Structures are given as C-alpha cells and as structure tokens.
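Novice: I would like the atomic coordinates for the input below:
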Amino acid sequence: MGPHPAVAAIRLAVRRVLHDILTEYAGHPERSGTEVGATAARPGTAAAGSATDPQTPLTPLSQLTPRTTPGTPHPTPHGPNPGSFPAPGAPGSPAARTTHSERPVRLGHPPAPASRLPDAPVPRPVASPAASGRAAASGRPLVLVACSGGADSMALASALAFEARKLDIRAGAVTVDHGLQDGSGLRAAEVANRLAAMGLDPVEAVSVRVGRDGGPEAAARDARYAALDAAAERHGAVAVLLGHTRDDQAETVLLGLARGSGIRSLSGMAAVSGAHRRYRRPFLELDRQTARKACLVQALPVWDDPHNADPAYTRSRLRHEGLPALEKALGKGVVEALARTAQLSRDDADALDSWAADADAAVRDESGELECAKLYALPPAVRRRVLRRAVIDAGSPAGSLFARHVEEVDRLITGWRGQGAINLPGRVEARRQSGRLVIRQG
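Specialist: Below is the predicted model:
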C-alpha cells in the first residue's frame, strides 16, 4: 500500500524540485553555493516567510566575525518532549546550541556594503564538525530546508528527508528564532531536534534580533532571510527550500493588489528566486490543507505560530477574514484563481523587464546619461522599469522605492514644466538637466 495521498503529493513536489537542482548542479558543479546572494525586497513578493528575487550578492561571511561553540548531537527519534529538556543555557541543552546575534539584524535587500553590514547571525551546526566535514568532502550538493516548526515547513522537511535519501543529495535544515515571543529559543531548539531526528544534517537553530525598518512583518522577514543567506553560504548549500503554499500565494497577490503597485506585485512569489536560484518553493501548487494533512498522517508534531492568528498583522486579517469573505461572496476557487493570476502576471512582468533591460542601453548617450527624448518614446510600462532600475542602481533601496516615487521621476520626462529635483529614498536625487535625466546619490 502506498503513502497517503497528501504525503505522496508533498513528496512528488519535492522530488521534482530536487531533480531540477541535480540537473543544474551537474551542469555547474563549481557553483556550490559559496557565492551568496541576498534577497531583494520587491513589492508584492513578501509573504509570511517569503523571499523575493535578489539581485545583488551578500558580503561573504568570511568578512564578518563569527562566534561559534562546539556542537552536540540531537536526540530522540520521534521529536522531543519539552519537559525532558535541560534548563536553557545549561551544558548540552538545546537552548545552549542556539547562537545569538549581538545587534539588531537590519539587513534589507539588497544588503549594505561590507563596511556598513550589521553583524550577521552565526549559528553553529547541530551535526559534529567531523560529520559535516565528511559530508562536504563527499562532493554531493547540499539542500537546506527553512523550517519554523509549522505544518507547511515540517511537511516540507519530511519530504526532503525522504526524497534526498533516494537521490545523490545531502539534506539539512535551518530554523530561525526571531525572539519575538517568550520561550522562542527553547521552541527553536525543539524544532531543530525534530529535524535532526528526521536524518537531516546539518541542522541549525539561529537566533536573530529583529529591527524596525518597514514594520514588524518586513523587519522579521529581512532578519530571517539574512540568516538563511548566511547559513547557505556557510555550508555551501546549492538551494534552500521554502514551504510557501498556494494559499500563501493567493494572500500575496491580494496584498499586492491592495498596494496598487503594479503587475509585479500581482505576480506573487516565484517558484525559483534569489541570486544563483537559491530559493525554491515546491509547494506553490499545493494547498495549505494538504501540507497539514501530511503532517497529521505522519504523526509529525507542528507548532502554530500565534502571530499567524493575530489580527494586528495584515496578513493574518487577510487569511482569517478577507479570503473567507471573498470565497463566501464569489464561491470556491478564489485561491486557485489568484494563484493562476500570479503566474500569468509573472510571465507578463518578466517579459516587460526583459524589454526594459534591452531598452536601457538604447536610451543613454555616450557618457551613460539617460536621454529624456528617447525615454519619452518608450511605452510607459517599459520606461518606468528603466527609471526604477536607474534609481536603484544609484543607491535607492529597492524595498523602499514605491510606485509613487517612480511616477514622480516619470513626470520629469512626460510632464516637464521646469520642476525641481525629486528626492528619493536612500538620499538619491533625480533632476532633468539639459535634456538628460541625472540620477545621483547625494
């Protein structure tokens, strides 16, 4: 008798992604994951734990100062009993195996240069250094799973552990403690124990300090992805799997629609994103209930984050109030329709981005300045993409640059009446001068 349909579905989704990774790795074995990229925050791609398409590399961890301590193996084949843990901080306790960053992680995307980069969280492996060394020497690619302990990511971790054993792949895991709730460090250690009991190696529990930039959800996301980037670099992982489902995709599309920030916002999360195609989302075509059912039939303990039910958070209100109201008014199938919209929008946005990239060189003069007349001749959707990229290249943070900013710059081209310079995020200034659009950081 085969596995339960929910278990078969999650395993098939992961198997397909692992085959893609192996195919890419076979063609580029030198790309072992040591070249690290950071995610670029882009409107409409932020999920509760989502990544976005990065464009610039992260500063190598070797340029930072890590703090590590010797590791100990994780026990229990079926997940730990919380009451059986040693006191947090005691020798051999799970909490003692969690590394903490010294300052708030404020790593937006793209990251700052090395001279301005805050301390990255530096966890230590659950597996022994010797075991990790032997695995690295084997030459097999390493795939990590990001796991919060929730149903989606626990289902993903179980599928990765099962499928990796049948393929020439090493499988490990990272769980991130944001430090936003009492007892979060102990819970992260429990999750790490359960992941290690699945046979994943290496497994890390990473503690970060969440800053305030962009609000609590965005700040937590930035800290989480900084930790995942650092873990991937440290272990030379070729990919990190994320447990976002079709429901998460639908929520992301609706959030983008509410912001009114263009077709890219409606494209949701990509199945593959990140510098060097680091982040993979195998479950984007599966619903949340499938992942939860897979955990149930496999007797996998899961943790439901209370923040996911807290109406103080926009995504939580959308999940528990907005989407159910839409389904009540419009009928079933809203989630599937929104996910389909995301893919269609992504195809269109990718085509426009490619057009804009080709047009960029054609609208510049010999010195590299943008010519206003040539910009004016471009279709608006293409022109605004050229302008957005130019502003980001000048030093404006992608996550802080919104549609209204780009529209103001666009008016220097389409509605020129002698107006002054436009001040943009990141101390970037755009002005029209002698028929040229000059964009510089002050």
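Novice: please count neighbours and contacts with C-alpha atoms only from this point.
Specialist: Will do.
Novice: tell me the helix or strand right after the longest helix along the chain.
Specialist: If you go by DSSP state H, the chain has its longest helix at helix 334-362. Sequence-wise, the next helix or strand downstream of helix 334-362 (DSSP states H and E) is strand 370-371.
Novice: ok, back up a step: ok now the longest helix of the chain, how far from the chain's centre?
Specialist: Distance of helix 334-362 from its chain centroid, counting by CA atoms, centre = their mean, to the nearest Å, is 19 Å.
Novice: now it: buried residues?
Specialist: By neighbour count on 16 or more other CA atoms under 10 Å, the buried set for helix 334-362 is 334-336, 338-343, 345-346, 349, 352-353, 355-356, 359-360.
Novice: next: stretch 152-162.
Specialist: So stretch 152-162, judged by 16+ other CA under 10 Å, has buried residues 152-162.
Novice: could I get those residues as a markdown table with secondary structure?
Specialist: Formatted as a markdown table, the buried residues of stretch 152-162 follow (DSSP: H, G, I helix; E, B strand; the rest coil):
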| residue | secondary structure |
| --- | --- |
| 152 | helix |
| 153 | helix |
| 154 | helix |
| 155 | helix |
| 156 | helix |
| 157 | helix |
| 158 | helix |
| 159 | helix |
| 160 | helix |
| 161 | helix |
| 162 | helix |
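Novice: any idea which of these is the one closest to residue 317?
Specialist: Residue 317 has its nearest neighbour among the buried residues of stretch 152-162 in residue 152, at 19.2 Å by CA to CA.
Novice: so what's the closest one up against?
Specialist: 243-245, 288, 291-292 (CA atoms under 8 Å, 6 or more residues apart in numbering).
Novice: again, 6 Å this time
Specialist: Residue 152 sits next to 243, 291 when contact means CA atoms under 6 Å, 6 or more residues apart in numbering.
Novice: okay, it: pLDDT?
Specialist: Here, the pLDDT recorded for residue 152 equals 96.
Novice: so how far is residue 244 from it?
Specialist: Distance, residue 152 to residue 244, using CA to CA, to the nearest Å: 7 Å.
Novice: next: residue 285.
Specialist: Using CA to CA, residue 285 is found at 9 Å from residue 244.
Novice: and what of residue 210?
Specialist: To residue 244, residue 210 is 21 Å away according to CA to CA.
Novice: so those two - more neighbours on which side?
Specialist: Taking neighbours as other CA atoms under 10 Å, residue 210 and residue 244 compare with residue 244 leading, 27 against 24.
Novice: helix/strand/coil for the more buried one?
Specialist: coil.
Novice: residues contacting it?
Specialist: residue 283.
Novice: do the same with the one 3 residues further on
Specialist: Neighbouring residues of residue 247 by CA under 6 Å, 6+ apart: residue 287.
Novice: now with 10 Å?
Specialist: 283-289, 319, 323, 334-336, 338-339 (CA atoms under 10 Å, 6 or more residues apart in numbering).
Novice: same check, this time on residue 283
Specialist: 9-14, 17, 152-153, 155-156, 241-249, 271, 290-291.
Novice: can you give me the strands in the protein?
Specialist: Here the chain has its strands, by DSSP state E, at 37-38, 56-57, 99-100, 142-146, 170-177, 203-207, 239-241, 272-273, 279-280, 370-371, 422-424, 428-433, 436-441.
Novice: any chance of those in CSV, plus mean neighbour count, distance to residue 253 and mean pLDDT?
Specialist: Shown next, in CSV, are the strands of the chain (neighbours: other CA atoms under 10 Å; distance: least, CA to CA, whole Å; pLDDT from 0 to 100):
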stretch, mean neighbour count, distance to residue 253, mean pLDDT
strand 37-38, 29, 22, 35
strand 56-57, 18, 25, 34
strand 99-100, 22, 34, 40
strand 142-146, 26, 22, 97
strand 170-177, 27, 25, 94
strand 203-207, 28, 30, 92
strand 239-241, 25, 21, 98
strand 272-273, 19, 17, 94
strand 279-280, 26, 18, 98
strand 370-371, 22, 33, 97
strand 422-424, 19, 26, 95
strand 428-433, 19, 29, 96
strand 436-441, 20, 31, 95
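Novice: got these as TSV, with distance to residue 394 columns?
Specialist: As requested, the strands of the chain are exported to TSV (distance: least, CA to CA, whole Å):
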stretch	distance to residue 394
strand 37-38	18
strand 56-57	14
strand 99-100	34
strand 142-146	33
strand 170-177	33
strand 203-207	33
strand 239-241	30
strand 272-273	23
strand 279-280	27
strand 370-371	13
strand 422-424	10
strand 428-433	7
strand 436-441	6
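Novice: tell me which of these lies nearest to residue 406.
Specialist: Proximity to residue 406 (CA to CA) singles out strand 422-424 among these, at 9.0 Å.
Novice: direction included, what does the closest one pair against?
Specialist: strand 428-433 (antiparallel) (DSSP bridges).
Novice: give the buried residues for stretch 208-215.
Specialist: 208-211.
Novice: out of these, the closest to residue 186 would be?
Specialist: Closest to residue 186 out of those is residue 208 (14.0 Å), distances taken as CA to CA.
Novice: wait, the closest one touches residue 176, no?
Specialist: Yes. Here residue 208 reaches residue 176: they are 7.3 Å apart, a contact under CA atoms under 10 Å.
Novice: which residues are in contact with residue 368?
Specialist: 360-361.
Novice: what about it, distance to residue 162?
Specialist: 53 Å.
Novice: same deal with residue 328?
Specialist: Between residue 328 and residue 162 the computed distance is 38 Å (CA to CA).
Novice: neighbours around residue 287, how many?
Specialist: Number of residues near residue 287 (other CA under 10 Å) recorded here: 18.
Novice: which residues does the closest residue to it other than its chain neighbours contact?
Specialist: Nearest residue to residue 287, sequence neighbours excluded (CA to CA, 6 or more residues apart in numbering): residue 246, at 5.1 Å. With contact taken as CA under 10 Å, 6+ apart, residue 246 is in contact with 252, 269, 283-288, 335-336, 338-340.
Novice: looking at the residues you listed, which is nearest residue 237?
Specialist: Using CA to CA, the contacts of residue 246 come closest to residue 237 at residue 283, 19.9 Å.
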